[in-house]
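> structural data only, the sequence is not supplied:
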Ligand code: G3P
């Protein structure tokens, strides 16, 4: 499973990247706002830090303007994936941009039918939003499983990018189902290392070691 980091915070990306945890980065207008940075400048910096795809999202809502913005964003670096929303215009932009050889991440996906359309339009990635479905009492993981089944049945090459991940359990479940990629906020990735039995076991080992009076030299 590939790990993308869902942030435009370059310090957070650098910390995880040093550990080999970053296969790519996803951003969106809300994350750009949170960073307080200029979209072109921060996207260029991130793209220079990581080898894998860096998603940068268009903000136009009509296909011709989306395509123009997509070309601009893709011009920032070779590893940019243009992110477009799953609207009919977004699908048109997806088709046009992928035909031009760009990577496209179709975002804000909330149904299997939407995912099917994105694959038909040649999307490189489809981003189903797990957390936001859970927020309204629907099952985000069921959507990931449905898309996996559909894509595998018909051999679509579009990669399932599990997004809007809020918990470590979301990561486990998405991995179990076979999502190709997950994108999570840095805090969730850090939390994946935590386990109370690890802390407890380490405390015991250290206490026993203290009693031996030894040192590793
Ligand atoms: O990957 C999409 C993500 O940024 C949305 O997450 O938590 O705002 O639903 P969230």
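Looks like it came in fine. All figures in this text were calculated on a predicted structure; none of them were measured in a lab.

> make it CA atoms for all contacts and neighbour counts henceforth
Fine.

> now do the helices in this protein.
In the chain, the helices defined using DSSP state H lie at 10-18, 29-35, 39-49, 63-74, 88-99, 112-120, 130-135, 140-154, 168-177, 186-191, 196-212.

> export the ones you listed to TSV and tack on mean neighbour count and distance to the ligand?
Shown next, in TSV, are these (neighbours: other CA atoms under 10 Å; distance: least, CA to the nearest ligand atom, whole Å):
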stretch	mean neighbour count	distance to the ligand
helix 10-18	15	15
helix 29-35	14	7
helix 39-49	18	15
helix 63-74	19	18
helix 88-99	21	16
helix 112-120	20	15
helix 130-135	18	5
helix 140-154	18	11
helix 168-177	17	12
helix 186-191	15	11
helix 196-212	11	25
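
> now those helices as JSON lines including mean pLDDT?
Output for the helices of the chain, formatted as JSON lines (pLDDT from 0 to 100):
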{"stretch": "helix 10-18", "mean pLDDT": "97"}
{"stretch": "helix 29-35", "mean pLDDT": "97"}
{"stretch": "helix 39-49", "mean pLDDT": "98"}
{"stretch": "helix 63-74", "mean pLDDT": "98"}
{"stretch": "helix 88-99", "mean pLDDT": "98"}
{"stretch": "helix 112-120", "mean pLDDT": "98"}
{"stretch": "helix 130-135", "mean pLDDT": "98"}
{"stretch": "helix 140-154", "mean pLDDT": "98"}
{"stretch": "helix 168-177", "mean pLDDT": "98"}
{"stretch": "helix 186-191", "mean pLDDT": "98"}
{"stretch": "helix 196-212", "mean pLDDT": "98"}
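
> and those as CSV, adding distance to residue 57?
Converted to CSV, those look like this (distance: least, CA to CA, whole Å):
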stretch, distance to residue 57
helix 10-18, 17
helix 29-35, 7
helix 39-49, 10
helix 63-74, 8
helix 88-99, 11
helix 112-120, 16
helix 130-135, 18
helix 140-154, 22
helix 168-177, 23
helix 186-191, 19
helix 196-212, 38
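
> which of those helices sits closest to residue 160?
With respect to residue 160, and counting by CA to CA, the nearest of the helices of the chain is helix 140-154 at 7.4 Å.

> number of nearby residues for residue 8?
Applying other CA atoms under 10 Å, we find 29 residues neighbouring residue 8.

> going forward can the numbers begin at 117, since that is how I track them
Happy to do that; since the first residue is 117 now, the last one works out to residue 124.

> surely it meets residue 143?
Yes - using CA atoms under 8 Å, residue 124 makes contact with residue 143 at a distance of 5.9 Å.

> how close does the closest residue to the ligand within the chain sit to residue 254?
Closest residue of the chain to the ligand, CA to the nearest ligand atom: residue 280 (3.5 Å). Note on residue 280: its distance to residue 254, by CA to CA, to the nearest Å, is 14 Å.

> show me which of these two is the more surrounded one.
Applying other CA under 10 Å to residue 280 and residue 254 shows that residue 280 carries more neighbours, namely 22 against 13.

> so which residues make contact with stretch 126-135?
If you take CA atoms under 8 Å, 6 or more residues apart in numbering as the criterion, stretch 126-135 is touched by 121, 123, 138, 158, 161, 162, 165, 166, 302.

> which residue is nearest the centroid of this structure?
In the chain, the C-alpha closest to the average C-alpha coordinate belongs to residue 299, at a distance of 2.7 Å (CA atoms, centre = their mean).

> how about that residue, what does it touch?
By CA under 8 Å, 6+ apart, the contact list for residue 299 reads 119, 120, 121, 122, 141, 142, 277, 278, 279, 280, 281.
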